[in-house]
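Student: build the 3D model from these lines:
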Amino acid sequence: MATAAKTEMETLSWKVGGMDCASCAAKIRGAVERLPGVSDVRLSVMSETLTLALDESRTGRDAIEKRVASLGYKTTPASAPRAAAPEPSAACGCGHDHGPADKARDHVHEHGDDHAHDHASCGGHDHDHKHDHDHARGKTGKDADHGHGLPGHVHEPTPDGVSWYQTGKGRLVLLTGALLAGAWLAKFTISETAAYWAFVAACVIGVVPVARRAFAAASVGQPFTIEMLMTIAATGALVIGAAEEAALVVFLFAVGEVLEGVAADRARASIRALGDLVPKTALVEENGETRQVDAAALVVGQVVLVRPGDRIPADGAISDGISGIDESPVTGESVPKTKGVGESVYAGSVNREAALRVRVEKAAQDNTIARIIRLVEEAQEARAPTERFIDRFSRIYMPAIVGLAILVALVPPLAFGGEWSVWIYRALALLLIGCPCALVISVPASIAAALSTGARQGLLLKGGVVIEAAARTGVVAFDKTGTLTAGEPRVTEIVALGRDASKVVELAAAVETGSSHPLALAIIARAKADGVPVRPAANAAALAGKGVTGELDGVAIFVGAPRHAKDRASFDSSALEAVERLETAGKTVAAVIADGALAGLIALRDEPREDAAAAIAELKALGIRSVMLTGDNARTGAAIAGSLGLEHKAELMPDDKVAAIKELSREAPVMMVGDGINDAPALAAANIGVAMGSGTDVALETADGAVLKSRVRDIAAMIRLARAAMGNIRANIVIALGLKAVFLVTSVLGYTGLWVAILADTGATVLVTANALRLLRFDAGKVG
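Tutor: Below is the predicted model of the structure:
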């Protein structure tokens, strides 16, 4: 019987419109889990999905949809989970009817003078210095990189989202806002009575949908939600005649819901944009012919042709060719690597130089970019964000206040013969003073002031939950490239051997002229900075995977990694010692050979930002541990980390960074700081993710915050601001609740009436708002 029952369970999935926060997800989960036959309920705010196991003999799927709809959310059946991916058609491996194959006319121009050379040797890993020379073979970058769009396997195409003011919540904000404005106008131009009824109308119109959701949640066992809190507060204010306050609070609540939805939609769009990194089409080679197919339908074992400038359409291994691969979309590292037959390549990486043939080793739904997308979504779903303070507090506070007000209204008249009018009046005064309006406004006031201060100082924090998480940070994990470093290699040292330093630079710059490779640009930049003339070499040519050659003023030049240069010139002990010293320091070394003799060495490295060391020191002074997580090789990672005085973990792929974040979070709340697409999963997995302002759009959208000026010291400034904001919030809570405690007692005893209660409530709001405004003068960059 147990086996039969198990077979009746079916996994179903829905898209849930309007689920924009963890609180929304909690309400839906609580409502759905109570239905018989429902188990394994999973909700993802990021992808707006509800997935569950359902025994339809006990509860129909329409009952699930009705239950969720009763809470104010829209449901539509979603496609099957990713695990149940359809198998491609056997006819051609893609399941699509293709037009004529692109044959020889789609040939690849592999010029004999395609320049590719290797300048790098960084310990066990090669940061191979290879690049194309535009002066020799023309453009192969953007011009060749055509047809790259959203792959079907990552996300179903979605229609363009409507603007916020076209949604039901948006229209409600506009209507109640207009009524509020009209009421204030009437107050000063017509009469108090007309204004009062306008305020009542604004409040009622705004609170009705909130009340509907509140009572729907209550009917499924969740009576004390933030919607119920707002409903009781607004109703109580109307009962005792505070219509203006009631309307304003309801309006502010509606605005907050709209902003929350807008922010969630932007984050979802940024995750979908990750799919743009994978080309939409691929060139499959079969029986000597090439044809274009849907990249999302590539089958393991197929061979695809990747032309220079094209993005690689699938995870696989090179079966033919050698070329420079720019893996920055996946690893974030700026220096392309030379790869040849048998070496792995990743979907979304860019082939920089020569044509490659790649054997597909992973299906589209399992490629690197697809995994990054899943990691981001799962991290967003798995994270346990702090629930909104008011919602959390209302679970205790609101039942107590409502219950106390009812007791004050009923017990004295019934038990002691008190006058009904007196005790109802006192109960209303108690309800008003107990109304959380001041608390609802005061906490966001501190948040708003902190956000405003941060924005002026280049510190972006996406909301109060983020501020609270930043204040608790105990460990800061940094990405290396583009975060702790500038993201661009620079010439750090020139070792003159057979020629003087300026001549070494001149010879190297000559063969690098016309290249767009980061290391070549760094050498040319150094030549210009030193006032060395930059003249293009004659007969420039590249030796794939080895280096580049040319002639200048009759001098034969070779520039490449020392291991290849040793075949062309002898290295004495001093030269070998210099190479070892530079490579141990994590630097890329280019040997310059002139007429068969070693002229000198050029060392390059992506150097730490000027303020990086000071930032680590400031974090240490705040009692915060710093760790560097990098995809670079161990030797370079150790050199950079050692110069800055922080711990490090090297050679990490995106999922390795997520695992490292999870390990660190066992010790203390973790802040992750990154700038690239490859950092997105780690940014989402951390307690708080912060992007550098110079980073990618995906990193900025995925992150909870950003340092817009790309200064590492701003991380410490952000934490100081967050801690100051939380201290301010705690003070506000003490002020608001302290005043209420005093006047709750005096209201019950009859010493204060409705008008004093109103003054007390208003006074609390004024005090906490004034306290919050102090944050506007806070200097986050000030140490100590």
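Student: ok now stretch 542-560, how far from the chain's centre?
Tutor: 43 Å (Cα atoms, centre = their mean, to the nearest Å).
Student: next one: stretch 9-20
Tutor: 23 Å.
Student: got it, and stretch 534-554?
Tutor: A distance of 43 Å separates the centroid of the chain from that of stretch 534-554, by Cα atoms, centre = their mean.
Student: output that stretch as PDB, restricted to C-alpha atoms.
Tutor: Coordinates of the C-alpha atoms in stretch 534-554 are reproduced here as PDB (Å, rounded to 0.1, in the frame of the first residue of the first chain):
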ATOM      1  CA  VAL A 534      56.300  52.900 -30.500                       C
ATOM      2  CA  ARG A 535      56.900  51.700 -34.000                       C
ATOM      3  CA  PRO A 536      55.300  48.700 -35.600                       C
ATOM      4  CA  ALA A 537      57.600  45.800 -36.400                       C
ATOM      5  CA  ALA A 538      58.000  44.500 -39.900                       C
ATOM      6  CA  ASN A 539      57.100  40.900 -40.800                       C
ATOM      7  CA  ALA A 540      55.100  40.500 -37.600                       C
ATOM      8  CA  ALA A 541      54.000  36.900 -37.200                       C
ATOM      9  CA  ALA A 542      52.700  34.700 -34.400                       C
ATOM     10  CA  LEU A 543      53.800  31.200 -33.400                       C
ATOM     11  CA  ALA A 544      50.700  29.600 -32.000                       C
ATOM     12  CA  GLY A 545      51.100  29.000 -28.200                       C
ATOM     13  CA  LYS A 546      54.700  30.100 -28.200                       C
ATOM     14  CA  GLY A 547      55.200  33.800 -28.900                       C
ATOM     15  CA  VAL A 548      55.400  36.500 -31.500                       C
ATOM     16  CA  THR A 549      58.200  37.600 -33.900                       C
ATOM     17  CA  GLY A 550      59.100  40.600 -36.000                       C
ATOM     18  CA  GLU A 551      61.900  42.900 -37.100                       C
ATOM     19  CA  LEU A 552      62.700  46.500 -36.100                       C
ATOM     20  CA  ASP A 553      65.600  48.400 -37.700                       C
ATOM     21  CA  GLY A 554      67.000  45.000 -38.900                       C
END
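Student: can you mark which positions in that stretch are buried?
Tutor: For stretch 534-554, burial by neighbour count (16 or more other Cβ atoms under 10 Å) applies to 537, 540-550, 552. Bear in mind the C-beta positions are built from the backbone N, C-alpha and C, glycine included.
Student: what's the closest of these to Ala660?
Tutor: Minimum distance to Ala660 across the buried residues of stretch 534-554 is 32.1 Å, recorded for Gly545 (Cβ to Cβ).
Student: right, and the helix or strand after the helix or strand of the chain with the lowest mean pLDDT?
Tutor: Using mean pLDDT, DSSP states H and E, the weakest-scoring helix or strand in the chain turns out to be helix 134-137, at a mean of 34. Helices and strands here follow DSSP states H and E; after helix 134-137, the next one along the chain is helix 168-189.
Student: identify each buried residue in that following helix, please.
Tutor: For helix 168-189, burial by neighbour count (16+ other Cβ under 10 Å) applies to 169-170, 172-173, 175-176, 179-180, 182-184, 186-187.
Student: cool, and stretch 361-371?
Tutor: Counting neighbours by 16+ other Cβ under 10 Å, one finds that the buried residues in stretch 361-371 are Lys362, Ala363, Ala364, Gln365, Asp366, Asn367, Thr368, Ile369, Ala370, Arg371.
Student: Val712 versus the closest residue in space to Arg711 that isn't next to it in sequence, what's the distance?
Tutor: Nearest in space to Arg711, with sequence neighbours left out and distances taken as Cβ to Cβ, 6 or more residues apart in numbering, is Asp611 at 5.6 Å. The span separating Asp611 from Val712 equals 5 Å under the rule Cβ to Cβ, to the nearest Å.
Student: how about low-confidence regions in the stretch 551-700 of the chain?
Tutor: By pLDDT under 70, the weakly predicted segments of the stretch 551-700 of the chain are 676-678, 694-700.
Student: ranges for the helices of it?
Tutor: Assigned by DSSP state H, counting those that start in this stretch, the stretch 551-700 of the chain shows helices spanning 562-565, 573-584, 612-621, 634-644, 654-665, 680-685, 697-702.
Student: out of those helices, flag the one nearest Met726.
Tutor: Met726 lies closest to helix 612-621 among those, at 17.6 Å (Cβ to Cβ).
Student: how far out from the middle of the chain is the closest one?
Tutor: Counting by Cα atoms, centre = their mean, helix 612-621 is centred 24 Å from the centre of its parent chain.
Student: tabulate the CA atom coordinates of it in PDB.
Tutor: In PDB, the C-alpha atoms belonging to helix 612-621 read as follows (Å, rounded to 0.1, in the frame of the first residue of the first chain):
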ATOM      1  CA  ALA A 612      43.300  47.700  -1.000                       C
ATOM      2  CA  ALA A 613      45.800  47.400   1.800                       C
ATOM      3  CA  ALA A 614      44.200  50.200   3.800                       C
ATOM      4  CA  ALA A 615      40.800  48.700   3.400                       C
ATOM      5  CA  ILE A 616      41.900  45.300   4.800                       C
ATOM      6  CA  ALA A 617      43.500  47.200   7.800                       C
ATOM      7  CA  GLU A 618      40.200  49.100   8.400                       C
ATOM      8  CA  LEU A 619      38.200  45.900   8.300                       C
ATOM      9  CA  LYS A 620      40.600  44.300  10.800                       C
ATOM     10  CA  ALA A 621      40.100  47.300  13.100                       C
END
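Student: if we can go back for a sec, neighbour count winner among Asp611 and Val712?
Tutor: Under the criterion of other Cβ atoms under 10 Å, the comparison of Asp611 against Val712 puts Val712 first, with 26 against 15.
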